[in-house]
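# just the structure for this:
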Amino acid sequence: MKNQRWEPIKGVRSKIGPSSAQDNNKKLSCILRRRAYRDAVAQAGTGPALMAMKQWIESGKVEGEEAAELLAVLPNTARYPTREYIKEFFNLATSSQVQKQAYLNDSAILSVATLARKAQVDSDNSHNQYPVHTFGHLASKDCKDVTEKYTPYLANKLKEATRNQDSLKAQVYIRALGNLGHPVILSVFKPYLEGKAPATNYQRLAMVAAMDQLARLSPKSAQSSLFNIYQNTGESHELRCAAVFQLMKTNPSAQMLQRMAAFTEQDMSKQVNSAVKSAIESAAELKEPKLQEFAQKAKAAKKMLSPKTFGLQYSKNYLSSYAMKEENLGYIKDIKTIGSEDSILPKGIQYSLRSVLGGLEMEKDRFSAMTASVSDLLGLLENQFSTEESRRQEKNAKQSSNNNDSHSTKMIAQMFNIQREQAEQVEAQIFATIFGGNRLFAFDNHTVENIPRSEYLYYV
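Numbering: from 1, shown residues only. So this is what the prediction gives:
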């Protein structure tokens, strides 16, 4: 399969298509063979395999979620993603045929951004994952596709999405820019983070959260911006906590860690202080050999932390590692939470597990979920999935209460001509490793409202 050319691939699939099926057993067998072959092509990771998948998508043989799952695995299965390979993938991801299909459009653009980072930005990954010593480097040193083609496209799409108040698209393009992991994305995010370009506070939070790859690959480039966000006490605690989490990935200096630790005595934000304290305390206990320098710096800063304790409702960052010296193998686990102001539940949570084999880090599993407001999201879900009878009873109870109480909040608001603030749009996302690929599912009011209530009521 890995050495097969495009025409044989296309021909084999046409022979196992459903047209040859005569009865149910044959149809089932045909479907299973088709799926097995489809997945084998995706796992092959060759140029002909990419062209075959492109032909399937353009002809409509594979579409929607099925196509999204195929493209999601390419960043992990591509065997030798040359500059031409990634260009072809990018052209497919940005084509009208892909962009008009739900799930596929998001999966495609996120996958091509990830692959571009692995092949053209992350030199260590490119050296260790691909046969560069046999076939040469994947891109020349003067290759500027990431900075002159991919980033400008994503930046323009993000600008268009924020201008149109399209939260779903904005979240996708923010994550895609983050997947590139190139320092140039700082210039894209800067106007939004500084309030010079329109973006919701949640979208600004998503931008800081999307700097994870940048913090790992270009720590010096990311450190200054992240530290400025953390130090800005006028900024929301969500962004400041997210900045703390990313700073811990940049291998901060002992001086920076000590400044952060000492500031917990002065900072008025319990959420931020909790994030800093838990991050430094857990970092001081890391056992992985390659992280021992970082652990020693954290131990020195630990003595300067505020002695105050913070409950689980506050933001946390738990770092842990496990090393097996005999096998030269280790694991690094990272758990983060961002506390809410309107709920005991966190408004953001992230879990990641990375393996370290011979000094080479590889991400094994990842899951994250964020929302602009836990209370608003739960309220919207409750309203969406409640029965007609329960909604009617709740409405009648409210009307009865308002009629009997002349001092209700509604009556008082009318007396003083107080205008209620409109609730902010519900924004949320889930990012997870599923079936060998990373997937992002973004939500807003309309996404939740479009969930068929009848399907839920069928099961209750």
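
# could you list the buried residues of the longest strand along the chain?
Longest strand of the chain, by residue count under DSSP state E: strand 360-371. Neighbour counts over strand 360-371 (16 or more other C-beta atoms under 10 Å) mark 361, 366, 368-371 as buried. In short, each C-beta sits where N, CA and C put it, glycine included.

# just checking: what are the partner strands of that strand?
strand 348-357 (antiparallel), strand 427-434 (antiparallel) (DSSP bridges).

# need those in a markdown table (columns: mean pLDDT).
Converted to a markdown table, those look like this (pLDDT from 0 to 100):
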| stretch | mean pLDDT |
| --- | --- |
| strand 348-357 | 91 |
| strand 427-434 | 94 |
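
# need the winner for burial among the ones you listed.
For these, the largest average neighbour count (mean count of other C-beta atoms under 10 Å) is found in strand 427-434, namely a mean of 20.

# regarding the protein, what is its longest helix?
Criterion DSSP state H: the longest helix present in the chain is helix 24-44.

# okay, buried residues for that helix please.
So for helix 24-44, counting by 16+ other C-beta under 10 Å, buried means 30, 34, 37-38, 41-44.

# packing partners for that helix?
Contacts defined by 3 or more C-beta pairs under 8 Å, 6 or more residues apart in numbering; DSSP states H and E place helix 24-44 against helix 6-15, helix 47-59, helix 64-72, helix 74-77.

# the ones you listed: which one's closest to residue 429?
helix 64-72 (15.7 Å; C-beta to C-beta).

# how about that closest one, which residues are buried there?
Residues 67-72 are the ones in helix 64-72 that count as buried (16+ other C-beta under 10 Å).

# one more: stretch 197-215?
199-200, 202-215.

# just give me the closest of those to residue 271.
Among the buried residues of stretch 197-215, residue 205 lies closest to residue 271 (C-beta to C-beta), at 12.8 Å.

# re the thing from before, need the max-distance pair from the buried residues of strand 360-371.
Within the buried residues of strand 360-371, 361 and 371 form the most distant pair, 29.3 Å apart (C-beta to C-beta).

# quick one: mean pLDDT for stretch 115-131?
For stretch 115-131, mean pLDDT is 90.

# tell me how far it is from the chain's mean position?
20 Å (C-alpha atoms, centre = their mean, to the nearest Å).

# CA-only coordinates of it in CSV, if you can.
C-alpha atoms of stretch 115-131 as CSV (Å, rounded to 0.1, in the frame of the first residue of the first chain):
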residue,chain,number,x,y,z
LEU,A,115,1.5,19.0,9.4
ALA,A,116,3.1,22.3,8.3
ARG,A,117,4.5,22.8,11.8
LYS,A,118,5.8,19.2,12.1
ALA,A,119,7.6,19.4,8.7
GLN,A,120,8.6,23.0,8.3
VAL,A,121,8.7,24.7,11.8
ASP,A,122,9.6,22.0,14.3
SER,A,123,13.1,21.1,13.2
ASP,A,124,13.6,18.5,15.9
ASN,A,125,10.4,16.7,15.0
SER,A,126,11.3,16.8,11.3
HIS,A,127,14.7,15.3,12.0
ASN,A,128,13.4,12.5,14.2
GLN,A,129,10.1,11.6,12.5
TYR,A,130,11.0,11.8,8.8
PRO,A,131,13.8,10.3,6.7
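
# hmm, who's touching it?
For stretch 115-131, the external contacting residues (C-beta atoms under 8 Å, 6 or more residues apart in numbering) are 74-75, 78-83, 86, 89-90, 132, 137-139, 143, 145-146, 150, 179-182, 213, 217, 360.

# make a PyMOL selection of whichever of the residues you listed turn out to be buried.
Buried subset of those, written as a PyMOL selection, criterion 16+ other C-beta under 10 Å:
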select buried, resi 74+75+78+80+81+82+83+86+89+90+137+138+139+145+146+150+179+180+181+182+213+217
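
# in helices, which of the contacts of stretch 115-131 appear?
With DSSP H as the criterion, helices contain 74-75, 83, 86, 89-90, 132, 145, 179-180, 213, 217 from among the contacts of stretch 115-131.

# re the thing from before, distance to residue 314 for the strands paired with strand 360-371 - can I get that in a markdown table?
A markdown table is the format used below for the strands paired with strand 360-371 (distance: least, C-beta to C-beta, whole Å):
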| stretch | distance to residue 314 |
| --- | --- |
| strand 348-357 | 13 |
| strand 427-434 | 21 |
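
# how about those strands, which one is nearest residue 252?
Going by C-beta to C-beta, the one of the strands paired with strand 360-371 nearest residue 252 is strand 348-357, 18.5 Å.

# show me where the stretch 101-250 of the chain has its strands.
Counting by DSSP state E, counting those that start in this stretch, the stretch 101-250 of the chain forms no strands at all.

# now, among the ones in helices among the contacts of stretch 115-131, which is nearest to residue 25?
Minimum distance to residue 25 across those is 33.3 Å, recorded for residue 74 (C-beta to C-beta).

# returning to that earlier point: please convert the ones in helices among the contacts of stretch 115-131 to CSV, extending it with distance to residue 108.
Supplementary listing: the ones in helices among the contacts of stretch 115-131 in CSV, determined by distance: C-beta to C-beta, whole Å:
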residue, distance to residue 108
74, 9
75, 11
83, 18
86, 12
89, 8
90, 9
132, 26
145, 17
179, 12
180, 15
213, 19
217, 23
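
# closest one to residue 341 out of these, please.
residue 213 (28.8 Å).

# grab the nearest non-local neighbour of that closest one.
Among residues not flanking residue 213 along the chain, residue 181 sits closest, at 3.3 Å (C-beta to C-beta, 6 or more residues apart in numbering).

# same check, this time on residue 304
residue 261 (4.0 Å).

# roughly how far apart are that neighbour and residue 275?
Going from residue 261 to residue 275 by C-beta to C-beta, to the nearest Å gives 12 Å.

# these two: which is more packed in?
residue 275 (31 against 22; other C-beta atoms under 10 Å).

# doesn't residue 246 make contact with the more buried one?
No. Assessed by C-beta atoms under 8 Å, residue 275 is found out of contact with residue 246, at 11.2 Å.

# okay then, goodbye and thanks.
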